[in-house]
Structure formats: C-alpha cells, structure tokens
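S.K.: Give me a 3D structure for the following:
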Amino acid sequence: MRQDSLELDRLLRPVVTGMGYVLWGLEYRVQGRSALLRLFIDAPQGVTLDDCAAVSDQVSGVLDVEDPIPVPYRLEVSSPGLDRLLFEPAHYDRYRGEEVRVRTAWPVEGQRNFRGVIRSVEEGSVELEVDGRRVRLPLEAVTRARLVPRAGQ
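M.R.: Sure, this is the predicted structure:
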C-alpha cells in the first residue's frame, strides 16, 4: 500500500470501526488535478445504501477537518460486493480455495494477469493454482486482486 493510502487508512479506520463497520479496504488515486478516495465497508449483517451514506458523512467531516488530501477529491463509499477486492494477506487467507483474478505490476513467470484458486498465503506471497500448476505471486507485485463470484451467488 502506498504511503498516502496508509496515512488515509490510519486516519479513517477508527472512524469506520467506531461506527460498527469493518473498513475492508480503500483505494486512493490521484488523477491529474483531482483524486478519488474509495472506501469499502463491511458488516456481519451486510451493508445498505443508508450505511454507506452514514459512513460517507462521518468520513467527509474528518477529511474536512484533517485535510489530508491536497487536491479536490471525490469520496465513494460502498460494500465490497461478491467480487470483492482483496487488500491484505488476511483477505487472501479468508478466501483460500476460492477463485480470484490477479494483476501484477511486473511479469511473474512471463505474465501479469492470472486467474486461479488461492492455495496458500505465506511469507509475503500468495500461491495460486492456475490451469493445474502452482504460481507463487509476491504480494508486493499485486496491483489488484478480485474474487470471482461462484455461479448462483
């Protein structure tokens, strides 16, 4: 996670958890002269549109006071969904045995896009089974990992 994302996580995680939600992850991207801050929240009972609006209001207040984003930004709050992004090692571990799509920043074994089943997570890497072979991806190389929903979910 980039330093600016880490700082935003440190600032906003207590706000979200204090409201009774889990901050599943966040994405922060500067796009020219503006930025996008996207928060993914979760809860055991699921997340509604009203939940997202309440978190958005609280987070907006903290961002207004703390002013950690130096450019105009857009804030989005949503649930992780069935095709949820995986942000940290515990997420991969939780979904061991599930299928994921992964993109890496640099080629691993000659490719950057993978679709496979999570087999293990250890020592800064995730091992996928891709077309019958095992591929170990360094987590620092992963730029995006997303669950593939099972049919009927």
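S.K.: all contacts plus neighbour counts: C-alpha atoms, from now on.
M.R.: Noted.
S.K.: Sheet partners, orientation included, of the longest strand anywhere in the chain?
M.R.: If you go by DSSP state E, the chain has its longest strand at strand 111-122. Here strand 111-122 has these sheet partners by DSSP bridges: strand 99-108 (antiparallel), strand 125-130 (antiparallel).
S.K.: Tell me which residues of that strand come out buried.
M.R.: Neighbour-count burial for strand 111-122 flags 112-121 (criterion: 16 or more other C-alpha atoms under 10 Å).
S.K.: Name the spans of the chain whose pLDDT lies under the cut-off.
M.R.: 1, 152-153 (pLDDT under 70).
S.K.: which residue ranges form the strands in it?
M.R.: 22-31, 34-42, 73-78, 99-108, 111-122, 125-130, 133-138, 142-147.
S.K.: how about these in TSV, adding distance to Val55?
M.R.: Below are the strands of the chain laid out as TSV (distance: least, C-alpha to C-alpha, whole Å):
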stretch	distance to Val55
strand 22-31	10
strand 34-42	9
strand 73-78	7
strand 99-108	28
strand 111-122	31
strand 125-130	31
strand 133-138	33
strand 142-147	23
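S.K.: Out of these, flag the one nearest His91.
M.R.: strand 22-31 (8.8 Å; C-alpha to C-alpha).
S.K.: Can you tell me how far Val71 is from Arg10?
M.R.: 19 Å (C-alpha to C-alpha, to the nearest Å).
S.K.: more crowded one of those two?
M.R.: Of the pair Val71 and Arg10, Val71 is the one with more neighbours under other C-alpha atoms under 10 Å, namely 14 against 11.
S.K.: dump the residue contacts of the more buried one.
M.R.: 33-35 (C-alpha atoms under 8 Å, 6 or more residues apart in numbering).
S.K.: Pipe those residues into JSON lines and attach distance to Ala90 and neighbour count per row.
M.R.: Shown next, in JSON lines, are those (distance: C-alpha to C-alpha, whole Å; neighbours: other C-alpha atoms under 10 Å):
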{"residue": "Arg33", "distance to Ala90": "34", "neighbour count": "9"}
{"residue": "Ser34", "distance to Ala90": "31", "neighbour count": "13"}
{"residue": "Ala35", "distance to Ala90": "27", "neighbour count": "17"}
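S.K.: Just give me the neighbour total for the closest residue to Ser56 other than its chain neighbours.
M.R.: Nearest residue to Ser56, sequence neighbours excluded (C-alpha to C-alpha, 6 or more residues apart in numbering): Val77, at 6.1 Å. Val77 sits with 20 neighbouring residues when counted by other C-alpha under 10 Å.
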